[in-house]
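> return a 3D structure for these sequence lines:
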Amino acid sequence: MDADSPTAEPMANVQFWTRGVPVEDAAYAQLRNIASLPVLAGHIAVMPDVHLGKGATVGSVIPTRGAIIPSSVGVDIGCGMVAIQTTLPARDLPESLSRIRAQIERDVPVGFNAHKAAVDEHQLGAGASPLRARMHALEQRYQALRIMRRVGRFDHERVWKQLGTLGGGNHFIELCLDENERVWIMLHSGSRNVGNTIGEVAIGMARRLAEQDDRHLPDRDLAWLNEGTAEFDEYVAALGFAQDYAALNRDVMLHLVLRALERFFAGRLGIIETAVNCHHNYASLEEHFGATIWVTRKGAVSARAGELGIIPGSMGTKSYIVRGKGHVAAYHSCSHGAGRRMSRNEARRRFTQADLAEQTAGVECRKDTGVLDELPAAYKDVDAVMAAQDDLVEVVHTLKQVLCVKG
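Prediction:
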């Protein structure tokens, strides 16, 4: 569990799962900043996909007592994964998947796009009643969110038009094949603009309170909200809403993708196994080492003993369905992916469209410069990442994508 870097300095309250995986110096500096905070409730658990983030490192598990650091949760609250195994064998897929990708992109808005109106029974089709019930419950909770009163002009209708949309960046929808040549649907997305807004407002509140209290912080983005304050209560209510919104967003998209696929595989498409719908940017109140504390997983997945999770690679590499081993020192966690090894700007400087095409050969996906910063070389070696956390999870399925939709 030692950090592999000649520049790494020992940190008594930080434990690393980065054996054989490079970690940038800036990430170590950021971890030292977090480790110095008085609200820390134990050691920080550092996952092998760790890299520099805003305020807090992505790929870290941060325990706090009586407080939450909004920037450690981030602005894509509830971002996470969902994957299902279908009854479809690889041999049933057509030689070209371009029409299937085009259909998914028509049915699921990507990037900054949204549905023209909130998704309804007509779009969702049969079996959508549980989704509608969850939407209705979220709509009621949204009306009661006091934190939204701190926001200026805001398009509240867009919150519901974005439900069932992908977003951009590293978010994706994929068709993958497992080790038995069975087709899986896997997707990665979060809480869209409403989660981003809640996160930004909370980070701003925390900064202002830190300035009022004259707290001396190593980084102003590490300001926290204390339990017992109105600001904390507002944030926790909104945090829970955004996390549930993100989970529902993934489920709605999954439903839309299944409907898109039915156009091509009517009568042959069923679901064998739902792996998991898991967050990897969130905070929750948990019991660890005999105490009730807030655990923030920023780019980390819950991996309790027997719990299923998803660790994706990148556009041209393997992904994994895993089962947690419940490692106590890791707060029952594992990595959320391969993790970036360079910034988006650096990837755009260093690589070309030809590199992208070469590294995504065999995958039906965008191959234009708009997704150049998402090519596999911009990410760490997912096999090395998996080897570094073999005491945290075991592999259940190995997936390789054949189709990838990006925003």
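> can you pull the contacts of Asn281?
73-74, 76-80, 190, 297-299 (CB atoms under 8 Å, 6 or more residues apart in numbering). Every C-beta, even on glycine, is put in place using the N, C-alpha and C of the backbone.
> ok, the closest residue to it other than its chain neighbours - contacts?
Spatial nearest neighbour of Asn281, chain neighbours left out: Cys79 (4.3 Å); criterion: CB to CB, 6 or more residues apart in numbering. Residues near Cys79 by CB under 8 Å, 6+ apart: 171, 188-191, 195, 246, 279-281.
> of those residues, which is the nearest to Ile69?
Nearest to Ile69 among these: Asn281, at 12.8 Å, using CB to CB.
> per-residue pLDDT, that closest one?
Note for Asn281: predicted pLDDT of 97.
> next one: Asp4
pLDDT at Asp4 comes out at 49.
> make residue 1 into 49 and carry on from there
Sounds good: first residue 49 from here, last item Asp52.
> of the contacts of Cys127, which is the most crowded?
Counting neighbours by other CB atoms under 10 Å, Ser239 comes out on top of the contacts of Cys127 with 33 neighbours.
> from what I see, that one and Gly128 are in contact.
No: Ser239 lies out of contact with Gly128 (CB atoms under 8 Å); the separation is 9.7 Å.
> any chance you could list residues touching both of those two?
Ala294.
> list of residues touching stretch 160-174?
For stretch 160-174, using CB under 8 Å, 6+ apart, the contacting residues are 157, 176, 179-180, 183, 205-206, 208-213, 216, 300, 303-304, 307.
> out of the residues you listed, which are buried?
When the contacts of stretch 160-174 are checked for burial by 16 or more other CB atoms under 10 Å, the buried set is 157, 176, 179, 183, 208-213, 216, 300, 303-304, 307.
> please flag which of those residues sit within strands.
Assigned to strands by DSSP state E, none of the buried ones among the contacts of stretch 160-174 qualify.
> the residues you listed: which two are farthest apart?
Ala176 and Gly216 (26.1 Å).
> just give the nearest non-adjacent residue to Val443, would you?
Here the residue nearest Val443, using CB to CB, 6+ apart, is Tyr368, at 5.3 Å.
> so that neighbour sits against Glu442, correct?
No: checked against CB under 8 Å, the pair Tyr368 and Glu442 is beyond contact range at 9.7 Å.
> what about those two, which has more around it?
Tyr368 (23 against 12).
> got a pLDDT number for the nearest residue to Gly410 once chain neighbours are set aside?
In this structure, Gly410 finds its nearest non-sequential neighbour in Val450, 7.2 Å apart by CB to CB, 6+ apart. Here the pLDDT value assigned to Val450 is 98.
> tell me the spacing between Val450 and Asp429.
21 Å (CB to CB, to the nearest Å).
> over to Ala395?
Ala395 is 15 Å from Asp429, by CB to CB.
> also Phe337?
Where Asp429 is concerned, Phe337 sits at a distance of 33 Å (CB to CB).
> neighbour count winner among those two?
Asp429 (18 against 12).
> okay, now the unreliable bits of the stretch 299-448 of the chain?
By pLDDT under 70, the weakly predicted segments of the stretch 299-448 of the chain are 321-323.
> so which residues of it form helices?
Ranges of helices in the stretch 299-448 of the chain, per DSSP state H, counting those that start in this stretch, are 392-398, 401-407, 430-436.
> one more: the stretch 49-198 of the chain?
73-83, 118-121, 146-155, 169-172, 177-191.
> lowest average pLDDT across these?
Across these, the lowest-scoring stretch is helix 169-172, with a mean of 78.
> buried ones in that helix?
For helix 169-172, burial by neighbour count (16+ other CB under 10 Å) applies to 171-172.
> and the longest strand seen in the chain, how far out from the chain middle?
Across the chain, the longest stretch assigned as strand under DSSP E is strand 441-454. Distance, stretch centre to chain centre, for strand 441-454: 15 Å (CA atoms, centre = their mean, to the nearest Å).
> in that strand, what counts as buried?
441, 445, 447-454.
> all strands of the stretch 199-348 of the chain, in order?
220-225, 230-237, 273-274, 319-327, 329-336, 339-346, 348-350 (DSSP state E, counting those that start in this stretch).
> and of those strands, who's closest to Ala405?
Comparing the strands of the stretch 199-348 of the chain under CB to CB, the one sitting nearest is strand 220-225, at 17.5 Å.
> same for that closest one, what does it pack against?
Counting contacts by 3 or more CB pairs under 8 Å, 6 or more residues apart in numbering; DSSP states H and E, strand 220-225 is packed against strand 230-237, strand 441-454.
> CA atoms only for the shortest one - export them in CSV, please.
Right, the one you point to is strand 230-237. Backbone C-alpha positions of strand 230-237 (Å, rounded to 0.1, in the frame of the first residue of the first chain) are rendered in CSV as follows:
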residue,chain,number,x,y,z
ARG,A,230,-22.4,-11.9,-24.0
VAL,A,231,-23.5,-8.4,-24.7
TRP,A,232,-23.6,-5.9,-21.8
ILE,A,233,-25.0,-2.3,-21.7
MET,A,234,-22.9,0.0,-19.5
LEU,A,235,-23.2,3.7,-19.0
HIS,A,236,-21.5,6.5,-16.9
SER,A,237,-23.3,9.7,-16.0
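> what's that strand packed up against?
Partner elements for strand 230-237 (3+ CB pairs under 8 Å, 6+ apart): strand 128-137, strand 220-225, helix 278-313, strand 441-454.
> single out the most deeply packed of these.
strand 220-225 (a mean of 24; mean count of other CB atoms under 10 Å).
> pull that one out as CSV, backbone CA atoms only.
This file holds the C-alpha atoms of strand 220-225, laid out as CSV (Å, rounded to 0.1, in the frame of the first residue of the first chain):
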residue,chain,number,x,y,z
PHE,A,220,-20.5,7.4,-22.0
ILE,A,221,-22.9,4.7,-23.1
GLU,A,222,-21.3,1.5,-24.2
LEU,A,223,-22.1,-1.9,-25.6
CYS,A,224,-19.6,-4.4,-24.3
LEU,A,225,-18.8,-8.1,-24.6
